[in-house]
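Asks: sequence first, then the predicted structure:
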Amino acid sequence: MPETSVIKPDFEFKSQILGRGAHDLTSCYQCGTCSIVCPISNPENPFPRKEMVWVQWGLTDLAMSNSSIWACHDCAICTAYCPREAQPALVMAALREYSIEHYAVPRVMGRMLGEAKFLPILFAIPALIFGAVLAGIGNLTALPDGPVVFSKFMPIVFVEVIFMAAIGLSMTGAVAGGMRYWRAMNLRMVGNRGPVRLLPTLWTILRHRKFRRCADDLPGTRESPRTPFARTHLLAFYGFLGLVVTTTSVGIGIYAFGYLTPWPIWHPVKILGNLSGVAVIIALLIFGYRRITAKTKAGESTYSDWLFLDILLLTTLTGFLAQGLRLVGVGGAIAYPTYFVHLMFVFFLLVYIPYSKFAHIVYRTVAMLYDAATENRESVPPPAQAA
Amino acid sequence: MSLDQTSTTLASLSPALSGSRTILVVGAGIAGMSAALEAAEAGYDIVVIEKEPYLGGRVAQLHKYFPKLCPPYCGLEINFQRLKNNRLIRFYTLSEVENISGDPGNLDVTITQRPRYVNDRCTACNDCVAVCPTDRPDAFNFGMGTTKAIYLPHPLAFPMKYAIDDAVCDLDGCARCVDACTYDAIDLNMKSQTFTLNVGAVVLATGWKPYEAERIDNLGFGSYADVITNVMMERLASPNGPTAGKIVRLSNGNPVRNIAFVQCAGQRDETHLGYCSGICCLASLKQATYVRDQNPDAKVFIFYIDLRTPGTYEFFAQKIQADDGVEVIKGKVGRIVDDPVTGELLVEAEEIMSPKKRQVAVDLVVLATGMVASVESGLPTAELECDKDHFLLPDQPSPGLFAAGCARGPVDVATAVKDATAAAMKAVGAINSATQRPSG
């Protein structure tokens, strides 16, 4: 006799997922075509077929404690082959979105990033902080005279302190969220986990090895609605990495060598920063264009998709704008407020990392680390033992 | 009534028929023949037209059929005899409907009969085939093998007469068969003829055709010779098929040691056929017995979403599943590739109950493809109405027209026969109420 198991459906979870653009999921009849046409689906822990039934049955714990949702890189070839037009790719995307809120520490932050009505509050926080600094040094009422130098308007030390503190907070949140996810996966683990293989996983990420496999090894002649997604992401990824390197180098330059900003435009670090910014903007514009044009094939984009894309784009654009305005010498009245807005966006981007779609850098990495450690070992109990 | 496709033309029938007594049956498969016989036994004149050069339709292509898994030819032979011996039934091959107009009891039907180029004097001696220089794909065997341009549709064809495929034959440019024929049975000057019949009602038994498997782009049909369809499997297993009944790999003729059946290939699929044809699970279970009977060591894998065996067919499914050589696997096949080293086909599905990916290496793959209504491309000018799956509505909006068998939905042989009887009854009823209604 098999053990009796009682399934307690979490209807709130189900309606949450359906509400995030995955409403076609109810027509799924569990044939498993999706798991087979997926070029990166794990032989021992295939996806996304099981996720489809977990959502249909409202099994939140199972859906949230598996590496599959983040192993998926959203090429949507499953959607192209789904015989029921149930759009499995959208279900996986909705699950990822949900899991960011589910694992958010503190949880309220997850909710605030997930709903448009909280957007004013999210922007008010950096506005108040930077506004308070300006008020404190007297720049709120009278802008500094002379040629535009942003450190005169907002001394670097304040920017550094605020961002260091903010990044510290967000890193804590990210680590806490990532650990909750890791522990949840561990609880469901059948058998023993192997050692964590950090370097091979990072190497996979740097090369986008999995991502690029999404477009390869397709089962037939149909195209994924989202190819060539990996190359665009690679551009955004290295662009963003370049911006991180630029910012870090500038910090080191100032504090270790006393090399004060603004650095000349021909400086190698400055060139890296500008090239990286351009790369990010190009990648984001391509992503945005595809989100608009691929709507019918790949499904509607959600609020959090657009929020992430727009914040990244506006951060980069306002950065370029502030730099441009400074160089053409339009005067502080225009350049300084632009810089202020740019700082707000940077704050938004960095501080809200673990709660916005940006959190994929945390959760996807955790999932990939976990997959590498379990070496394809089964981590899904059969349905009879579920719940 | 004498067998008559050529020496007496359909056109000469026209004056002899009256709308108040005549029913036209379109299609001479199992449903059309059944409808014709039932209506004739009720006393009505029947004209049966068939677009192929032989009667029997899809059933003639089967190796065995339900419920007894016997060869369908004894059942067909009985029907052919009844048809031939019933003086109220006339039938015509190579004929198709162009147009239908009028009211019940007085319908004008325009029919075109294509030339057979072979008349009633043919004795099926095969001398013509020996001299014919042109090959054509063997349509009866779904392109497995070839025939000459002059050919007997299949070894048990009824009528037992040769025909010429004018799509490939040179006709007057060659005429070697005419010289070879000692019975003066070949006439290359035959032409298409179009004429109008006056009938009282029409039974549309236009049947079905297999779904085009090459459209299922992830299952390898057309790319791999050893990926075949279920209808091809019937021919492959049939003693009068292309391999004289030996189930072999088409790529190299080697025996089949293991085989995979892919259920719902292009079915219950919004990209292909949105519906379930309802017969393919049973067909695959039946075909599993073909393989197991020929090779007791053979291993059979049946990949399915839901094994649908309605009613008492459930017992048949249980019997097949009890065979140790048969494994049924819940999970739809998503990918078929070949192993370049072993030459085997790798068939992959997610085994839902484990739940892990499952890959089996097999010699032959059978795609359980579905039934498509023939009317999708046939009966061009008649005003016919279909359901969303392109099957004819059983009671057509144009009065006096009734669809039966697989023309109105995918059904098994037994259901098609019952359905045909019902349609015959409706046709009789339509004529009766039309002719008994007071005029004015």
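Replies: Structure received. Residues are numbered from 1 along each chain as shown, chains lettered A, B, ... in the order given.
Asks: grab the nearest non-local neighbour of B:A42.
Replies: Taking C-beta to C-beta, 6 or more residues apart in numbering or on different chains as the measure, B:A42 lies nearest to B:V428, with 5.4 Å between them; neighbours along the chain are not counted. All C-beta atoms are positioned from the backbone trio N, CA, C, and that covers glycine.
Asks: so what does the helix or strand hosting the one you found touch, helix or strand wise?
Replies: Assigned by DSSP states H and E, B:V428 belongs to helix B:413-436. The contact analysis (3 or more C-beta pairs under 8 Å, 6 or more residues apart in numbering or on different chains; DSSP states H and E) places helix B:413-436 against strand B:22-26, helix B:30-41, strand B:201-204, strand B:401-403.
Asks: got the CA positions of the third one in PDB?
Replies: Put plainly, it is strand B:201-204. As requested, C-alpha coordinates have been extracted for strand B:201-204 and formatted as PDB (Å, rounded to 0.1, in the frame of the first residue of the first chain):
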ATOM      1  CA  ALA B 201     -31.100  12.000 -51.900                       C
ATOM      2  CA  VAL B 202     -27.400  11.700 -51.400                       C
ATOM      3  CA  VAL B 203     -25.300   9.800 -48.900                       C
ATOM      4  CA  LEU B 204     -21.900  11.400 -48.500                       C
END
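Asks: tell me how far the residue nearest the centre of chain B lies from B:A35.
Replies: The residue at the geometric middle of chain B, judged as the C-alpha nearest the mean C-alpha position with C-alpha atoms, centre = their mean, is B:R58 (2.2 Å). With the distance defined as C-beta to C-beta, to the nearest Å, B:R58 ends up 16 Å from B:A35.
Asks: so the residue nearest to B:A42 touches B:S20, yeah?
Replies: No. Using C-beta atoms under 8 Å, B:V428 is not in contact with B:S20, being 11.7 Å away.
Asks: how about the closest residue to B:G274 other than its chain neighbours, what does it touch?
Replies: With C-beta to C-beta, 6+ apart as the criterion, B:G274 has its nearest non-adjacent residue at 6.6 Å, and that residue is B:D389. Shown in contact with B:D389 (C-beta atoms under 8 Å, 6 or more residues apart in numbering or on different chains): B:273-275, B:373, B:409.
Asks: before we move on, what about B:G241?
Replies: Counted by C-beta under 8 Å, 6+ apart, B:G241 has contacts B:63, B:141, B:144, B:234-235.
Asks: can you check B:F301 too?
Replies: Applying C-beta under 8 Å, 6+ apart as the definition, the contact partners of B:F301 turn out to be B:258-261, B:327-329, B:347, B:360, B:362.
Asks: same list, these, but as a markdown table with pLDDT, secondary structure and neighbour count please.
Replies: A markdown table is the format used below for the contacts of B:F301 (pLDDT from 0 to 100; DSSP: H, G, I helix; E, B strand; the rest coil; neighbours: other C-beta atoms under 10 Å in any protein chain shown):
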| residue | pLDDT | secondary structure | neighbour count |
| --- | --- | --- | --- |
| B:N258 | 97 | strand | 19 |
| B:I259 | 98 | strand | 30 |
| B:A260 | 98 | strand | 27 |
| B:F261 | 98 | strand | 31 |
| B:E327 | 98 | strand | 15 |
| B:V328 | 97 | strand | 19 |
| B:I329 | 97 | strand | 22 |
| B:V347 | 98 | strand | 27 |
| B:V360 | 97 | strand | 20 |
| B:V362 | 98 | strand | 22 |
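Asks: want to throw those residues into JSON lines with distance to A:V133?
Replies: Shown next, in JSON lines, are the contacts of B:F301 (distance: C-beta to C-beta, whole Å):
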{"residue": "B:N258", "distance to A:V133": "75"}
{"residue": "B:I259", "distance to A:V133": "76"}
{"residue": "B:A260", "distance to A:V133": "70"}
{"residue": "B:F261", "distance to A:V133": "72"}
{"residue": "B:E327", "distance to A:V133": "72"}
{"residue": "B:V328", "distance to A:V133": "71"}
{"residue": "B:I329", "distance to A:V133": "66"}
{"residue": "B:V347", "distance to A:V133": "66"}
{"residue": "B:V360", "distance to A:V133": "68"}
{"residue": "B:V362", "distance to A:V133": "72"}
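Asks: helix or strand with the lowest mean pLDDT in chain B?
Replies: Taking mean pLDDT, DSSP states H and E as the measure, strand B:95-103 is the helix or strand of chain B with the lowest mean score, a mean of 91.
Asks: what angle do the helix or strand that comes right after that one and strand B:22-26 make?
Replies: On the C-terminal side of strand B:95-103, the nearest following helix or strand under DSSP H and E is strand B:106-113. Strand B:106-113 and strand B:22-26 are oriented at 40 degrees to each other (axes from the mean of the first three to the mean of the last three C-alpha atoms, to 10 degrees).
Asks: for the stretch 251-400 of chain B, which segments count as strands?
Replies: When assigned using DSSP state E, counting those that start in this stretch, the strands of the stretch 251-400 of chain B occupy the ranges B:258-262, B:299-304, B:326-330, B:333-338, B:345-351, B:356-362, B:364-367, B:371-373.
Asks: for the second one, buried residues please.
Replies: If I follow you right, that is strand B:299-304. For strand B:299-304, the neighbour count (16 or more other C-beta atoms under 10 Å in any protein chain shown) marks B:299-304 as buried.
Asks: got TSV for the residues you listed, with pLDDT too?
Replies: Formatted as TSV, the entries for the buried residues of strand B:299-304 read as follows, by pLDDT from 0 to 100:
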residue	pLDDT
B:K299	98
B:V300	98
B:F301	98
B:I302	98
B:F303	98
B:Y304	98
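Asks: residue of the stretch 151-300 of chain A nearest chain B, please.
Replies: Among residues of the stretch 151-300 of chain A, the one nearest chain B by C-beta to the nearest C-beta turns out to be A:G220. It sits 3.4 Å away.
Asks: pretty sure that residue contacts B:N218?
Replies: Yes. Between A:G220 and B:N218 there is a contact under C-beta under 8 Å: 3.5 Å.
Asks: who's more crowded, the two?
Replies: B:N218 (21 against 18; other C-beta atoms under 10 Å in any protein chain shown).
Asks: what strand or helix carries that one?
Replies: Following DSSP H and E, there is no helix or strand that holds B:N218.
Asks: need the pLDDT of it.
Replies: Looking at B:N218, its pLDDT stands at 96.
Asks: leaving out chain neighbours, which residue sits closest to B:P310?
Replies: Distance criterion C-beta to C-beta, 6+ apart; nearest residue to B:P310, sequence neighbours excluded, is B:G278 at 7.4 Å.
Asks: typed the wrong thing, it's A:L143
Replies: Taking C-beta to C-beta, 6+ apart, and ignoring the residues beside it in sequence, A:L143 has A:G332 as its nearest neighbour in space, at 4.5 Å.
Asks: contact partners for that neighbour?
Replies: Each residue near A:G332 by C-beta under 8 Å, 6+ apart is listed here: A:143-145, A:148, A:153.
Asks: just give me the closest of the residues you listed to B:M190.
Replies: For the contacts of A:G332, the minimum distance to B:M190 (C-beta to C-beta) is 95.5 Å, reached by A:V148.
Asks: give me the nearest residue to the residue of the stretch 201-350 of chain B found nearest chain A, chain neighbours excluded.
Replies: Evaluated by C-beta to the nearest C-beta, the stretch 201-350 of chain B has B:G334 as its residue closest to chain A, separated by 2.7 Å. With C-beta to C-beta, 6+ apart as the measure, A:I36 is the residue that lies nearest to B:G334, at 2.7 Å, once sequence neighbours are left out.
Asks: how about the helices in the stretch 201-350 of chain A?
Replies: A:209-213, A:229-257, A:268-293, A:295-298, A:303-328, A:332-351 (DSSP state H, counting those that start in this stretch).
Asks: for these, which has the smallest mean pLDDT value?
Replies: Out of the helices of the stretch 201-350 of chain A, helix A:295-298 stands lowest, with a mean of 61 (criterion: mean pLDDT).
Asks: now B:R268: phi and psi?
Replies: phi 50, psi 40 (degrees, to the nearest 10).
Asks: if I pick residue 78, what's in contact with it?
Replies: Went with chain A since none was named. Neighbouring residues of A:C78 by C-beta under 8 Å, 6+ apart: A:33-35, A:37-38, A:48, A:88-89.
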